[in-house]
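Q: When you get a sec, could you give me coordinates for this:
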Amino acid sequence: MTGLNAIEIRGITKTYGYGEFAVTAVDEANLAIRQNEFFTLLGPSGCGKTTLLRLIAGFEFPAAGDLLLHGENIAIMPPFKRPVNTVFQNYALFPHMTVADNIGFGLKMLGRPASEVEARVAEMLKLVRMEKFAKRATSQLSGGQQQRVALARALAPHPKVLLLDEPLSALDYKLRKEMQIELKRLQAETGITFVFVTHDQEEALTMSDRIAVMSAGKILQVGGPREIYDRPANRFVADFIGETNFLKGKVSGLGSDTASVALDCAANLAVPASADLIVGEEVTVLLRPEHARLVPVGSAEAALTGTLKDIIYFGTDTYFNVSLSDGTLFTVRQQNRPDEVGSYSVGDQTSVAFAPAAIRILRG
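A: Residues are numbered from 1 along each chain as shown. The predicted structure follows:
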């Protein structure tokens, strides 16, 4: 399968320090990133995602393992020999140069002919829609414009892989949304493999072809945005990606298609059966807030019943926090409709309904 992959990471480990002070930043990571895909390394601060990106770039070297680029092991190759480029969080533009000079700088350092540099700079300016700013100093540009210049400079030498280290984090919300679309457009138009690092779950879900979720130096799950969101491999992934309700209980019965779970909140659920479930074992029921809805107490659809503790208005949606009998807060997220304004109040008794197919079961 090597021919289909831009990058293959095999058992890569990176440690800092020695002996009792040693810290493992990346712990035996294994990963295959396909050619021409937008791939995201996602996780909280300190999870190892930026270290893994730096290992690909050549700014760090692994303690163990192999790192292949289009089949060639580059684990100990110096960064200037690797056909990859990096866009940093602070863009690292040269303030004394014009936009055009910034974009062409790398090409000049590679000794490309002046005519080739000029043609490539013009091509990159058009790609990032910055033709009118070619002669302007980068210090006179907005944050979004500076990012476009940094992208153009990194793309100019035709890298096989473009690495992006949280490049949107310094932008305001609206501009960040616009640049997400721009990055996807650039990746599609250039056909270059993008490896993107972020801690922003929404950003990852919006932009990525596939995502690797990391924690404590380990890769916990790799998959497409829908797979990661709807079928998290463990509690960390479920909790980190979006919002999730967690209900503790025990398996009380097994059928051919469904299993019965007795919840700690004194409710019983029929859930999709799993071959590895055992009667009496503890499980955790996962349910996304938007997959549930409020229904009247006593409704035939009701699965859980409790007291409304909070009603939080978010414009497009409202979050309802329902306190169950064991004190667990269960969140329901409903899209706002004019006919439902004022229909619920804090302190009301209410029930919650959801489809069995929306449930995911984790052991323990």
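Q: In this structure S351 contacts T307, no?
A: No. S351 lies out of contact with T307 (Cβ atoms under 8 Å); the separation is 10.9 Å. Placement of C-beta: from N, CA and C, glycine included.
Q: where do the strands sit along the stretch 251-364 of the chain?
A: 258-263, 268-272, 282-287, 292-295, 304-313, 317-323, 329-335, 349-354, 360-363 (DSSP state E, counting those that start in this stretch).
Q: Would you convert these into CSV that also reports distance to R153?
A: As requested, the strands of the stretch 251-364 of the chain are exported to CSV (distance: least, Cβ to Cβ, whole Å):
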stretch, distance to R153
strand 258-263, 55
strand 268-272, 51
strand 282-287, 43
strand 292-295, 47
strand 304-313, 43
strand 317-323, 40
strand 329-335, 42
strand 349-354, 49
strand 360-363, 44
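Q: Nearest to I219, out of these?
A: Nearest of these to I219, taken as Cβ to Cβ: strand 360-363 at 18.3 Å.
Q: re earlier: quick one, which of S351 and T307 is more surrounded?
A: S351 (19 against 14; other Cβ atoms under 10 Å).
Q: hey, where'd the helices end up in the stretch 151-300 of the chain?
A: Secondary structure of the stretch 151-300 of the chain by DSSP state H, counting those that start in this stretch: the helices cover 173-190, 201-207, 225-230, 235-240.
Q: possible to save those as JSON lines with mean neighbour count and mean pLDDT?
A: Converted to JSON lines, the helices of the stretch 151-300 of the chain look like this (neighbours: other Cβ atoms under 10 Å; pLDDT from 0 to 100):
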{"stretch": "helix 173-190", "mean neighbour count": "15", "mean pLDDT": "88"}
{"stretch": "helix 201-207", "mean neighbour count": "19", "mean pLDDT": "93"}
{"stretch": "helix 225-230", "mean neighbour count": "17", "mean pLDDT": "94"}
{"stretch": "helix 235-240", "mean neighbour count": "18", "mean pLDDT": "93"}
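Q: Now these in CSV, please, with extra columns for distance to I33.
A: Formatted as CSV, the helices of the stretch 151-300 of the chain follow (distance: least, Cβ to Cβ, whole Å):
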stretch, distance to I33
helix 173-190, 13
helix 201-207, 14
helix 225-230, 15
helix 235-240, 19
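Q: Got the domain ranges for this protein?
A: Per automatic domain parsing, the structural domains of the chain span 2-240, 245-363.
Q: looking at those domains, which is buried most?
A: Comparing the domains of the chain by mean neighbour count (mean count of other Cβ atoms under 10 Å), domain 2-240 ranks first with a mean of 18.
Q: which stretch among the strands of the stretch 251-364 of the chain comes nearest V149?
A: strand 317-323 (37.0 Å).
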